[in-house]
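S.K.: A structural model of the following input is requested.
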Amino acid sequence: MALFAEWEKFKASSDTIVSLADIPWLPQMTTLEGHQAFGLDSKMEESTYRQCIRQLMRMYHPDKFHPRHGSRISLSGMLSDVKIRLEKITRRLAQLHQGERGWSDGNLG
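M.R.: Predicted structure coming up:
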């Protein structure tokens, strides 16, 4: 999964985050391809599906992201943009974790 490889590279880096594009965001989740891009499949076992969602929640949860990577963000104004985007992602992942497995709605962009 390319996303997890990008995330590991991001975590290992100490480079300054100068734009939102420097963060390996989840792909759009409005299509089946968006879900499959980071390992979600409507046919996978429920426990595997939930485990994948939990892993993504740990990666993108604002309370986890900011202590680990917040000091790398160079512009203070960008910090609030990052937080808003992380909160949006976390809400969508929580919906998916609670059992919604539809592909037609939800936008993490």
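S.K.: low-confidence ranges in the protein?
M.R.: Applying pLDDT under 70 to the predicted model, the residue ranges of the chain that meet it are 1, 28-42, 99-109.
S.K.: ranges for the helices of it?
M.R.: Under the criterion DSSP state H, helices of the chain are mapped to 2-12, 32-36, 46-60, 62-69, 76-97.
S.K.: Make CSV from those and add distance to P24 to it.
M.R.: Placement of C-beta: from N, CA and C, glycine included. What follows is the helices of the chain, written out as CSV (distance: least, Cβ to Cβ, whole Å):
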stretch, distance to P24
helix 2-12, 4
helix 32-36, 14
helix 46-60, 9
helix 62-69, 11
helix 76-97, 12
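S.K.: what about the ones you listed, which gets the closest to S19?
M.R.: Checking the helices of the chain against S19 by Cβ to Cβ gives helix 76-97 as the closest, at 7.5 Å.
S.K.: Now for D63, how many residues are close by?
M.R.: Per other Cβ atoms under 10 Å, the neighbour tally for D63 reads 8.
S.K.: Return the residues in contact with it.
M.R.: With contact taken as Cβ atoms under 8 Å, 6 or more residues apart in numbering, D63 is in contact with no other residue.
S.K.: what about it, distance to K83?
M.R.: In this structure, D63 lies at 10 Å from K83, with Cβ to Cβ, to the nearest Å as the measure.
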